[in-house]
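*Asks:* How does the following fold in three dimensions:
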Amino acid sequence: MATELVLGAIRNEVSLIHLDTSDRRDLSNLGRIDLVNIALAAWHGVRCWWLMLTRRPEIVYVPIAQDTLAFLRDCLFLVPARVLRKKVIVHLHGGYFHAFYQSASSPMQGLMRYALGKIQRAVVLGTALEGMFDGVLAPNRVRVIPNGIPDYFPDDVHGTDDSRPRTILFLGTLMKEKGVLDVLSALPVIAERVPGVRAVFAGGWLRADERELAEQMVRDLKLEPHVEFIGPVTPPRKHEVLRLADVFIMPTFYKNEGHPYAILEAMSAGLPVVSTHVGCIAETVIDGVTGFVIQPGNQEALVERTVLLLTDDNLRKTMGKASRDRFLKQYTVERFSDHMRKLFVGLAT
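*Replies:* Residues are numbered from 1 along each chain as shown. The predicted structure follows:
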C-alpha cells in the first residue's frame, strides 16, 4: 500500500523506474531466512546495479527497514547508490530505527553510517520521529511527511445505527504486539458493562501459536457470543466492516509502530479511535477530541475509554465527526501526494 501511494504521487511528475522487491507470500514468511528469500534479495540487488548503470536514474528512493537482516537487504540498493553517487531518499515507515541503530554492533553501525550518511533526504512519519536518524544523518536532511490515504467514504460518512449492538473493530495484522490479546483480555469487563457488544477482528494472523492462544482465550473467557475473527479484508469488504463499526481500537505496543494506515482508515470512516502513545499515534489521534490515547498495557484505561465511547452516544458521534474532520484536513492522499511531489521535484532541480 505504501509503495502504491508513493508511485501514484510521483509518476506524473518524474520519469519513473520501479524495481518491485515485494515478496507476495503470506505473513508467515516475514523475518525468516530461507533459500527463496536469499535468492530474491540477490536477484533484486543485481537488478538494482543493472538499472543504475544502464538507466542512470538521478534519484534513488528506498523504503528502509528497522532490523538487521532486512537492513542488510536494503544495503543492496543503498550501497550501489552511494558508490555511483546518486541522490538518495529513504523512507522510514516505523518508529524504531534509532533504537535499532543504538543496539547494533559496531560493524553494523559503521555499515549504517556508510549506507545512509551521505543521503540527501530521510522521510519520517511524524514530528515525534524526527530524531530517528540521530548519530547517522544531519537533522536538516530529515523531512516529516505523514501517511495519507484515499477517502473511502466521500459520500457516506459513518453513522451509528442505534438498532444494532455496539461494535468494536480491530483492523490490521493480528499479533500480540498490536494489542490483540489485550483486547480479548478486556472484553469480559466491556461485555458486562455493554450488553451485546461485538468485537470484530479483521486481519491475518502473523503467528500460528498466537492464533491458537487467542482462540483458547475466547473459549476460556466465554467470549464466543461477542468475538468474530473474519480474516484479511480488502475493499469493498474492508469498507463495509469500517462502516458497520462504532469504535476503532488498537492498543498497540509494537516497537516498530509508526503511523498506522488502519487508524487513518478508521478516521476516514468517522470512527473515534482508542489507541496508545506509540510512534506517531498521539499526534494523529487527539486525546479527548478524536478519541483516546492511553499508555501501552494500561488495561483499566482501555476498558474505561472503550466503555465510555460505546455507552455515550453523543460523545461517540462527536468524536467520530472530529476524527473524520481531522482526517480530511491532515491525512488525505492528496495532501500526502503533494508533499511527496515537492520532495522529489525539489531534489531533482
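*Asks:* all strands of the stretch 201-349 of the chain, in order?
*Replies:* 227-231, 247-250, 273-276, 291-294 (DSSP state E, counting those that start in this stretch).
*Asks:* can you check the stretch 51-200 of the chain too?
*Replies:* Going by DSSP E, counting those that start in this stretch, the stretch 51-200 of the chain shows strands at 59-64, 87-92, 121-124, 142-144, 167-171, 198-202.
*Asks:* Relative to Val247, which of the ones you listed is closest?
*Replies:* Smallest distance to Val247 across these (CB to CB): 5.3 Å, for strand 167-171. C-beta here means a position set from N, CA and C on the backbone, and glycine is covered the same way.
*Asks:* Which strands and helices lie in contact with the closest one?
*Replies:* Strand 167-171 sits against helix 180-193, strand 198-202, helix 237-243, strand 247-250, helix 261-268, with contacts defined as 3 or more CB pairs under 8 Å, 6 or more residues apart in numbering; DSSP states H and E.
*Asks:* Pick the most deeply packed of these.
*Replies:* Stretch with highest mean neighbour count among those: strand 247-250 (a mean of 26; mean count of other CB atoms under 10 Å).
*Asks:* returning to that earlier point: for the helices and strands packed on strand 167-171, give me JSON lines that also has distance to Phe77 and mean pLDDT.
*Replies:* JSON lines is the format used below for these (distance: least, CB to CB, whole Å; pLDDT from 0 to 100):
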{"stretch": "helix 180-193", "distance to Phe77": "33", "mean pLDDT": "98"}
{"stretch": "strand 198-202", "distance to Phe77": "33", "mean pLDDT": "98"}
{"stretch": "helix 237-243", "distance to Phe77": "31", "mean pLDDT": "95"}
{"stretch": "strand 247-250", "distance to Phe77": "31", "mean pLDDT": "98"}
{"stretch": "helix 261-268", "distance to Phe77": "24", "mean pLDDT": "97"}
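*Asks:* Nearest to Pro154, out of these?
*Replies:* Nearest of the helices and strands packed on strand 167-171 (CB to CB): helix 261-268, 9.2 Å.
*Asks:* how many other residues sit next to Ala104?
*Replies:* Residues lying near Ala104 (other CB atoms under 10 Å) number 16.
*Asks:* my guess is it meets Met112, correct?
*Replies:* Yes. Ala104 is within contact range of Met112, at 6.8 Å (criterion: CB atoms under 8 Å).
*Asks:* which stretch among the strands of the stretch 51-200 of the chain comes nearest His18?
*Replies:* strand 59-64 (9.6 Å).
*Asks:* avg pLDDT for that closest one?
*Replies:* On average, the pLDDT along strand 59-64 is 96.
*Asks:* follow-up on the earlier one: show me the one of the strands of the stretch 51-200 of the chain that comes nearest Ala301.
*Replies:* With CB to CB as the criterion, Ala301 lies closest to strand 167-171 of the strands of the stretch 51-200 of the chain, at 15.2 Å.
*Asks:* With Arg55 as the reference, name the closest of the helices and strands packed on strand 167-171.
*Replies:* Closest to Arg55 of the helices and strands packed on strand 167-171, according to CB to CB: helix 261-268, at 30.7 Å.
*Asks:* other SSEs contacting that closest one?
*Replies:* Counting contacts by 3+ CB pairs under 8 Å, 6+ apart, helix 261-268 is packed against strand 167-171, helix 237-243, strand 247-250, strand 273-276, helix 313-330.
*Asks:* again, 6 Å this time
*Replies:* When contacts are defined as 3 or more CB pairs under 6 Å, 6 or more residues apart in numbering; DSSP states H and E, helix 261-268 sits against helix 313-330.
*Asks:* Report the angle between the helix it packs on and helix 261-268.
*Replies:* 110 degrees (axes from the mean of the first three to the mean of the last three CA atoms, to 10 degrees).
*Asks:* ok, and for stretch 264-282, which residues are buried?
*Replies:* Neighbour-count burial for stretch 264-282, with 16 or more other CB atoms under 10 Å as criterion, is recorded at 264-276, 278-282.
*Asks:* that older thread, can I get the strands of the stretch 51-200 of the chain in TSV with distance to His259?
*Replies:* Shown next, in TSV, are the strands of the stretch 51-200 of the chain (distance: least, CB to CB, whole Å):
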stretch	distance to His259
strand 59-64	13
strand 87-92	10
strand 121-124	9
strand 142-144	10
strand 167-171	15
strand 198-202	19
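*Asks:* Which among these is found nearest to Arg305?
*Replies:* Closest of the strands of the stretch 51-200 of the chain to Arg305 is strand 167-171, at 11.4 Å (criterion: CB to CB).
*Asks:* distance of the nearest residue to Leu213 once chain neighbours are set aside from Ala191?
*Replies:* Nearest residue to Leu213 in three dimensions, chain neighbours excluded: Leu181, at 7.0 Å (CB to CB, 6 or more residues apart in numbering). Counting by CB to CB, to the nearest Å, the gap from Leu181 to Ala191 is 16 Å.
*Asks:* No further queries at this time; thank you.
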